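Chemist: this one's sequence-less:
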């Protein structure tokens, strides 16, 4: 075990937030629920600058969405007085859901990004206290043609590059967009990604990309789980190539990359669009260590029969020396692997549908 | 000639349990509304200095949230004039979350 300190696992569900903690990633203690009866579609753990700030994207069916943060590992939560993600009165839109909370790179310590529904990207430069709507994407001429997946029209992935001003955004439906200037302007980057549900299966944009992950060592390398299709790009998204061969199915929601090692990624396939269950009812996590050329399945410790899906943000990695892999199902089970996805232990069961998980090593 | 001042009336606003943390735990608030006041103006007054309370009742567009109901003397404002529904003096305004969720 190489994770010095306590590993904290934030579990956002359809009916509240749970926090699990472990000294060794083997035994876990589960908290009482926070924000009971609120959906938590996004969580974030920001450990930059020597402090830990937790974020929760909350959504009350009655009283709407909001973002809250905690600086005491989830004991108490603060919601900025003016509400931190709010459209302006001239925007003609209301925030529906916060799908993604993404702290930026270490050298931009105050910057936190959020991806939201309706399709929009927001940026905070004050550690998540206030967020500003990204006008470049909101005013994009394509916006009127972006659509909604079953879960709603959302920017669900925001990936700022650690080395330059590049930012990638993925949306359902709309596909991948890239900014080379920190978010001022955006261009679609979907060449090679199929859209089998559209009349033209190879459009410039409109793809239903479910999740994108960036390689930790080579920021030009990206991995994408699409609505049918698993892809990799080695040129910042200019072109994409299928890496689905060797997987039992090319549908799914999850895409994870290793926190430090190049070429390693994980997916959790589902059988098909029309049959959203693990293939053969057998839940497996598939890992590649060679950029998608080959895949290896891991299911040790997982149930032999499982018919629940794993949603796009209900999976994550930590940053320990031997990376941990975590995921939760729509059946309310949560699993943790301390050996990079080879073997798993159950962290929790019978929770509400798991919508989001994030893990980090925090001071004990 | 003096400046005309709109007459005001007192009304009572009943706050649902889940929103009381945003208004100092109070279950009931007495407010003054002008003679020609409507629900929108009442919510403006209620949310004055309490932006998080207002945000839970109305969207950024000003629309009443879908699963929040407001009754003026027992009448659902959605069946009347929406947020333009008049609020007469002495009225009781109930804010209630509707049935929603699984």
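Modeler: Done, it's in. None of the values given here were measured: they were computed from a predicted structure. Residues are numbered from 1 along each chain as shown, chains lettered A, B, ... in the order given.

Chemist: Which residues of chain A lie near chain B?
Modeler: Proximity of chain A to chain B (CB under 8 Å from any CB of the partner chain) is limited to residues A:14, A:37, A:60-64, A:66, A:79, A:81-83, A:86-89, A:91-95. All C-beta spots, glycine's among them, are computed from the backbone N, C-alpha and C.

Chemist: Report the contact partners of residue B:12.
Modeler: Residues counted as contacts of residue B:12 (CB atoms under 8 Å, 6 or more residues apart in numbering or on different chains) are B:28, B:29, B:30, B:31, B:91, B:92, B:93.

Chemist: Quick check: end-to-end length of stretch A:278-287?
Modeler: End-to-end distance for stretch A:278-287, by CA to CA, to the nearest Å: 15 Å.

Chemist: need the next SSE after the lengthiest helix in chain B, C-terminal direction.
Modeler: In chain B, with assignment by DSSP state H, the single longest helix is helix B:39-47. Counting by DSSP states H and E, the next helix or strand C-terminal to helix B:39-47 is helix B:51-57.

Chemist: what about residue B:58, how many neighbours?
Modeler: 20 (other CB atoms under 10 Å in any protein chain shown).

Chemist: again, but for residue A:148
Modeler: 16.

Chemist: so what's it closest to, chain neighbours aside?
Modeler: residue A:173 (6.8 Å; CB to CB, 6 or more residues apart in numbering or on different chains).

Chemist: how far away is the one you found from residue A:149?
Modeler: 6 Å (CB to CB, to the nearest Å).

Chemist: can you list residues touching both of those two?
Modeler: A:208, A:227.

Chemist: in chain B, what spans have low per-residue confidence?
Modeler: Low-confidence segments of chain B, defined by pLDDT under 70: B:1-7, B:100-102.

Chemist: so what's the spatially most central residue of chain B up against?
Modeler: Central residue of chain B (CA atoms, centre = their mean): residue B:43, 4.1 Å from the mean position. With contact set as CB under 8 Å, 6+ apart, residue B:43 has these partners: B:54, B:57, B:58, B:83.

Chemist: from the residues of chain A next to chain B, which would you call buried?
Modeler: Among the residues of chain A next to chain B, those classed as buried by 16 or more other CB atoms under 10 Å in any protein chain shown are A:14, A:60-64, A:66, A:79, A:83, A:86-87, A:91, A:93-95.

Chemist: Mind jotting down where the helices sit in the stretch 51-200 of chain A?
Modeler: A:135-138 (DSSP state H, counting those that start in this stretch).

Chemist: got the residue ranges for the strands in it?
Modeler: Under the criterion DSSP state E, counting those that start in this stretch, strands of the stretch 51-200 of chain A are mapped to A:53-60, A:64-70, A:97-103, A:112-117, A:120-124, A:132-133, A:154-160, A:167-172, A:175-179, A:187-188.

Chemist: repeat for the stretch 201-350 of chain A
Modeler: A:209-214, A:222-226, A:230-233, A:241-242, A:251-252, A:256-257, A:265-267, A:269-270, A:285-288, A:296-298, A:315-317, A:325-328, A:334-337, A:345-348.

Chemist: thinking again about what came up before, how about a markdown table for the strands of the stretch 51-200 of chain A, with mean pLDDT added?
Modeler: Formatted as a markdown table, the strands of the stretch 51-200 of chain A follow (pLDDT from 0 to 100):
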| stretch | mean pLDDT |
| --- | --- |
| strand A:53-60 | 97 |
| strand A:64-70 | 97 |
| strand A:97-103 | 98 |
| strand A:112-117 | 98 |
| strand A:120-124 | 98 |
| strand A:132-133 | 98 |
| strand A:154-160 | 98 |
| strand A:167-172 | 97 |
| strand A:175-179 | 98 |
| strand A:187-188 | 98 |
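
Chemist: okay, the ones you listed in TSV with distance to residue A:211 next?
Modeler: Below are these laid out as TSV (distance: least, CB to CB, whole Å):
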stretch	distance to residue A:211
strand A:53-60	16
strand A:64-70	21
strand A:97-103	10
strand A:112-117	11
strand A:120-124	16
strand A:132-133	23
strand A:154-160	6
strand A:167-172	7
strand A:175-179	11
strand A:187-188	17
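
Chemist: Many thanks, have a good one.
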